[in-house]
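Using only what follows, build the 3D model:
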Amino acid sequence: MQSFQRIALVTGANTGLGLHAAEQLAKRGVTVLLGARDPGRGQSAVDDFRRRSLPVELVVVDVTDETSIADAVEVVQNRHGRLDVLINNAGISGGFAPTSSVTLEDLRRTYETNVFGVTAVTNAFLPLLRQSTAARIVNVSSGLGSEAVLGASSRFSKLNNAAYQSSKAALNMLTYLYANELRNTGILVNAVSPGYRATALNGGRPAPGAGDPAEGAEIIVKAAMLPDDGPTGTFMADTGVDYSW
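Next up is the predicted model:
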């Protein structure tokens, strides 16, 4: 990747993995646009970064609201005229019901953020990403959305969170399709799995064995900072080994 002042938008960045990814990028000198649905919580996170002299700005964006997304695009256009990195981090668990009892309401709500929201945000920001000389798109997925990981020999094969897992599988397919479509544009598109981390994604449930979210954010940052000859269309895991789709 060429040496210049990079501009990165991280959705859902006022907490959890997004917050840690924003901090790690800012410490590398990246101008981080902290995407948050709630203006108050977003501004509180930005104020904390600024007290530490980190280059972070607030961009209010609700990934499920097309008007909010359009407003965010206008803000980034007016401030910077381009976008170098888009990290689609905003996501929800959508409840924990198995396939046999999941409700259509839970499925729709989960897909609205984890799938439709990613598509809406990516498509809206593509014109600004095309203005970059080295654009990167990072979709924060999960190994639980990989058919290979959930194979019969996997220790995760008995897990059954229908809304969340199927939405991440759909996100993986979208990642692959975007990568193929944009392969000759210089825009690298990859999915990442930060692993099982202690975040609010589990709805406040106890998280035995959950790892440090700051460590999980490292794979997000790695994908965001790939060199020009870096991979595209891959599913990068926090273990250092790419997942199969």
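
which stretches of this protein form helices?
Secondary structure of the chain (DSSP state H): helices located at 16-27, 39-51, 66-79, 104-111, 117-129, 162-181, 213-224.

what packs against the fifth one?
The reference is to helix 117-129. With contacts defined as 3 or more C-beta pairs under 8 Å, 6 or more residues apart in numbering; DSSP states H and E, helix 117-129 has these neighbours: helix 66-79, strand 85-88, strand 136-140, helix 162-181. For the C-beta atoms, the positions are set from N, CA and C on the backbone; glycine is no exception.

In TSV: these, plus mean pLDDT, distance to residue 116 and mean neighbour count.
Supplementary listing: these in TSV, determined by pLDDT from 0 to 100; distance: least, C-beta to C-beta, whole Å; neighbours: other C-beta atoms under 10 Å:
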stretch	mean pLDDT	distance to residue 116	mean neighbour count
helix 66-79	98	10	15
strand 85-88	98	11	29
strand 136-140	98	13	27
helix 162-181	97	10	20
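
Quick one: residues contacting the residue nearest the centre of the chain.
With distances taken as C-alpha atoms, centre = their mean, the chain has residue 89 as the residue nearest its mean C-alpha position (2.3 Å). Each residue near residue 89 by C-beta atoms under 8 Å, 6 or more residues apart in numbering is listed here: 10, 11, 12, 13, 17, 18, 21, 138, 140, 220.

What sits closest to it if chain neighbours are left out?
residue 18 (4.1 Å; C-beta to C-beta, 6 or more residues apart in numbering).

circling back to that earlier point, and of the helices and strands packed on helix 117-129, who's closest to residue 120?
Set against residue 120 and scored by C-beta to C-beta, those come closest in helix 66-79, at 5.6 Å.

want to try a markdown table for the helices of the chain, with distance to residue 242 as columns?
Formatted as a markdown table, the helices of the chain follow (distance: least, C-beta to C-beta, whole Å):
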| stretch | distance to residue 242 |
| --- | --- |
| helix 16-27 | 19 |
| helix 39-51 | 31 |
| helix 66-79 | 30 |
| helix 104-111 | 25 |
| helix 117-129 | 20 |
| helix 162-181 | 12 |
| helix 213-224 | 11 |
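
where are the low-confidence patches of the protein?
Counting by pLDDT under 70, the ranges of the chain that qualify are 1-3, 152-153, 195-211.

Apply 50 and report the result again.
Counting by pLDDT under 50, the chain contains low-confidence ranges at 1-2, 204-206.

ok, how many other residues are close to the spatially closest residue to residue 194 that is not a sequence neighbour?
Distance criterion C-beta to C-beta, 6+ apart; nearest residue to residue 194, sequence neighbours excluded, is residue 216 at 3.2 Å. Neighbour count for residue 216, taken as other C-beta atoms under 10 Å: 24.

any idea how far residue 229 is from residue 216?
Here residue 216 is placed at a distance of 26 Å from residue 229 (C-beta to C-beta, to the nearest Å).
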